[in-house]
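Chemist: After the sequence you'll find the predicted model.
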Amino acid sequence: VRRRRECLSCGRRFTTYEKVEEIAYKVVKNDGSRQDFDRAKLLRGLEKACEKRPVSPRQLEEIADGAENLLAEREDREISTRDLGAFLMERLSEIDQVAYVRFASVYRRFEDVGEFMEELKTLLKTQKPKKKKGRR
């Protein structure tokens, strides 16, 4: 905000600038290092997981908003990559299960096909059964 003011004692006019003081959110990596939270980086990862999937940019923005709100609610303004990843995976699993598996495969760094299959089995167990369409 730019404001024009006047000195009460000498009458000279001057300009002041006000800006919102932002507190940087931090992400605590697995090695203990801290990085600034980067919404654009988070969105790029989500977009990559949702590539060629029926997930709208609006839905991805809502997930990113939720992540920022999660950080804003924390007193220390920090979150571990483990907590952030779990939050993102939970939201993706509600929207699109293929995008969830894609994201999980990168986030959890599956070492082999067995780990990947275990994640898929867990996903299939929690999946709601689909109704079969009848013929008319």
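Modeler: Looks like it arrived, so ask away. Numbering: from 1, shown residues only.
Chemist: for this protein, what spans make up the helices?
Modeler: 39-49, 57-73, 81-95, 97-107, 113-126 (DSSP state H).
Chemist: what's the least confident stretch among these?
Modeler: Here these differ in mean pLDDT, and the lowest is helix 113-126 at a mean of 70.
Chemist: Which residues are in contact with the one residue sitting closest to the centre of the chain?
Modeler: Residue closest to the mean C-alpha point of the chain, counted by Cα atoms, centre = their mean, is Ala64 at 3.9 Å. Ala64 makes contacts with 39, 42-43, 46, as judged by Cβ atoms under 8 Å, 6 or more residues apart in numbering. Every residue, glycine included, has its C-beta placed from N, CA and C.
Chemist: For those residues, which entry has the maximal number of neighbours?
Modeler: Leu46 (25 neighbours; other Cβ atoms under 10 Å).
Chemist: burial measure for the nearest residue to that one once chain neighbours are set aside, as a count.
Modeler: Using Cβ to Cβ, 6 or more residues apart in numbering and skipping residues adjacent in sequence, the residue nearest Leu46 is Leu60, 4.8 Å away. Leu60 has 22 neighbours, counted by other Cβ under 10 Å.
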